[in-house]
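Visitor: When you get a sec, could you give me coordinates for this:
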Amino acid sequence: MRIGSIEQLGVAFRLAVDALVVASSLMAAFVVRLIFIAYVEARLEPVAVLSNLEGYISSYALTVGPLSALVLAALAISGAYSPRKRGDRIRNRVLRVVQATGLAFLVFGFVLYFLRLDLLFPRAVLMLAFVGCAAGLVLTRAVAALFGEFKTAEVRTLRLHDEAVARHVLVIGGAGYIGPPLIERLLADGCRVRVLDLLLYGGEPIAHVMQHPRFELIQGDFRDVQAVVRAMQDVDGVVHLGGLVGDPACALDEDVTLEINVSATRMIAEAARGMGVRRFVFASSCSVYGASDGTLTEESPLNPVSLYARSKIEGEKLLLAMQDQQFSPIILRFSTIYGLAPRPRFDLVVNLFAAKAIVDGEVQVFGGDQWRPFVHVRDVGEAVRRALFSPLSVTAGRVFNVGSEAQNYTISDVATLVQSIVPTATVISRGQDFDKRDYRVSFARIKNELGFEPEFTVEDGVREVIDAIRSGRIADYRNPRYSNILSLKEEGVWQAAISSRISDLYKASVN
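Guide: Purely as a prediction, here's the structure:
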């Protein structure tokens, strides 16, 4: 049922209750008056009492309808059936109800007097009916308000302890690779979305949502506590995508990496918990598995082989240690991401292989037998969405691998797949790779508990990269803007970060 229909039913119910209060008050006034003259004044014979009773019944029948309509009209004009406005104190609403009721009874009394209707309607009955009606109307509203407060508290308790879904979401680092597809999904779901981003790579990735009425951008550094607190006002969910991403960028300076990927994460989480934000989704990486044998689950031992992976593990640990009844971290370990997004990247293996095949006519493979799980960037957005909307009884304090078993590939498998789509390309082996990561991952938990299954395949990602290059949407995949490390070096930002130990770097996606 639509909200408007529910509100109309609510007004109809209040009208019915108020009409019942008016009718009951008038009846009670007649009864009290009859009892008074029969037993207190004690001057009427039984026959006279019965005569008065018949007259009162006749008078009640003729007047209850018009009086009820008059009272309801007066209440409606006074705003008694309008939604309560902010700052409208209960005392003022009670006063309006009493004034509207008194005005209705006054008008009713004048009508009876001037029309000189032949009704047995003593003035005492009118006064008693007014007092009873005003009291009854105020009492019913007090009970309704008390019940409403109880229901509100009950709903808040439910939201606090289990099933609350995020409807106003802060996406930290939302202008990068992962953020824009996620933002599009959340806006389509009716959420309000706020982004905190330094826009180190520009604002073009989110330009298409800037004018959306439920979107807001705060340009700032997520290591600045004032910017974080400002961005976190009134939100009920946080998605932390910000951080230095990838082994090359993180390896440039360990202190800066730990400041951005660990210390800032701790500060953001503490701010969220302090401001009552329950859901906190953290973008981690399957890189934490490093070099491991077998198919790995969320409970498998971690074996990081890079500073990037170690920083993600530290972030996970500090967040899970902060979990309590009011703060629910949710850890998502993303597979290696591929596919086009508003901010394309060609420092990712699938995208790079596809671009090199169509432009250079060759794909260079270093090593090749190392395993990686893969996932499309838009499927990552769906995984984050499910983490925000699923019951906290399922997600709170949990770790989820994001991807699918079907997309566990060796690097050589990816090169062969690309060559099958671009037959003119040659696959060239260049010996062993310095990257020691080698892992296959199980995704049973996210499939079984969140119902997540990827929509896209690696083949889909390869084809959309090829189409983008052939159509001219991507002019030169080698442009530094499409690579994290190259764009940072070209802008000279990294050198400044090393010298000051306060880096203005961050990346809004996770490899």
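Visitor: can you give me the strands in the stretch 151-300 of the chain?
Guide: 168-172, 192-197, 215-219, 237-240, 279-285, 291-296 (DSSP state E, counting those that start in this stretch).
Visitor: Lowest average pLDDT across the ones you listed?
Guide: Lowest mean pLDDT within the strands of the stretch 151-300 of the chain: strand 291-296, a mean of 90.
Visitor: that older thread, which one of the strands of the stretch 151-300 of the chain lies closest to residue 308?
Guide: Smallest distance to residue 308 across these (C-beta to C-beta): 7.4 Å, for strand 279-285. Placement of C-beta: from N, CA and C, glycine included.
Visitor: List the contacts of that closest one.
Guide: 164, 166, 178, 236-241, 243, 265, 269, 272-273, 308-309, 312, 315-316, 319, 327-334, 384, 387-388, 392, 395, 399, 509-511 (C-beta atoms under 8 Å, 6 or more residues apart in numbering).
Visitor: Any chance of a markdown table for the strands of the stretch 151-300 of the chain, columns distance to residue 477 and mean neighbour count?
Guide: Below are the strands of the stretch 151-300 of the chain laid out as a markdown table (distance: least, C-beta to C-beta, whole Å; neighbours: other C-beta atoms under 10 Å):
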| stretch | distance to residue 477 | mean neighbour count |
| --- | --- | --- |
| strand 168-172 | 27 | 26 |
| strand 192-197 | 24 | 25 |
| strand 215-219 | 28 | 16 |
| strand 237-240 | 28 | 28 |
| strand 279-285 | 23 | 26 |
| strand 291-296 | 29 | 15 |
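Visitor: Could you list which residues are in contact with residue 133?
Guide: 21, 22, 25, 26, 71, 101, 105.
Visitor: Tell me how many other residues surround the fifth one.
Guide: This points to residue 71. As a burial measure, residue 71 scores 30 neighbours (other C-beta atoms under 10 Å).
Visitor: so it is in which element?
Guide: helix 46-78 (DSSP states H and E).
Visitor: So for that helix, what gets flagged as buried?
Guide: Within helix 46-78, the residues that count as buried by 16 or more other C-beta atoms under 10 Å are 52, 55-56, 59-60, 63-64, 67-68, 70-72, 74-75, 78.
Visitor: repeat for stretch 346-362
Guide: By 16+ other C-beta under 10 Å, the buried positions in stretch 346-362 come out as 346-359.
Visitor: any idea how far that stretch is from the chain center?
Guide: From the chain centre to the centre of stretch 346-362 is a distance of 37 Å (C-alpha atoms, centre = their mean, to the nearest Å).
Visitor: Convert that stretch to PDB, retaining C-alpha atoms only.
Guide: C-alpha atoms of stretch 346-362 as PDB (Å, rounded to 0.1, in the frame of the first residue of the first chain):
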ATOM      1  CA  PHE A 346      44.200   0.000 -17.100                       C
ATOM      2  CA  ASP A 347      46.500  -1.000 -14.300                       C
ATOM      3  CA  LEU A 348      44.300  -4.100 -13.600                       C
ATOM      4  CA  VAL A 349      45.200  -7.300 -15.300                       C
ATOM      5  CA  VAL A 350      42.000  -8.100 -17.300                       C
ATOM      6  CA  ASN A 351      41.500  -4.500 -18.500                       C
ATOM      7  CA  LEU A 352      45.200  -4.200 -19.400                       C
ATOM      8  CA  PHE A 353      45.300  -7.500 -21.300                       C
ATOM      9  CA  ALA A 354      42.200  -6.600 -23.300                       C
ATOM     10  CA  ALA A 355      43.600  -3.100 -24.200                       C
ATOM     11  CA  LYS A 356      47.000  -4.500 -25.200                       C
ATOM     12  CA  ALA A 357      45.500  -7.200 -27.300                       C
ATOM     13  CA  ILE A 358      43.400  -4.800 -29.400                       C
ATOM     14  CA  VAL A 359      45.900  -1.900 -29.500                       C
ATOM     15  CA  ASP A 360      49.300  -3.600 -29.400                       C
ATOM     16  CA  GLY A 361      48.400  -7.000 -30.900                       C
ATOM     17  CA  GLU A 362      50.100  -8.800 -28.100                       C
END
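Visitor: give me the low-pLDDT residue ranges for this structure?
Guide: 1-10, 37-53, 83-90, 115-121, 147-165, 247-249, 251-252, 433-434, 487-511 (pLDDT under 70).
Visitor: if I pick residue 381, what's in contact with it?
Guide: Residue 381 touches 178, 181, 182, 184, 185, counting by C-beta under 8 Å, 6+ apart.
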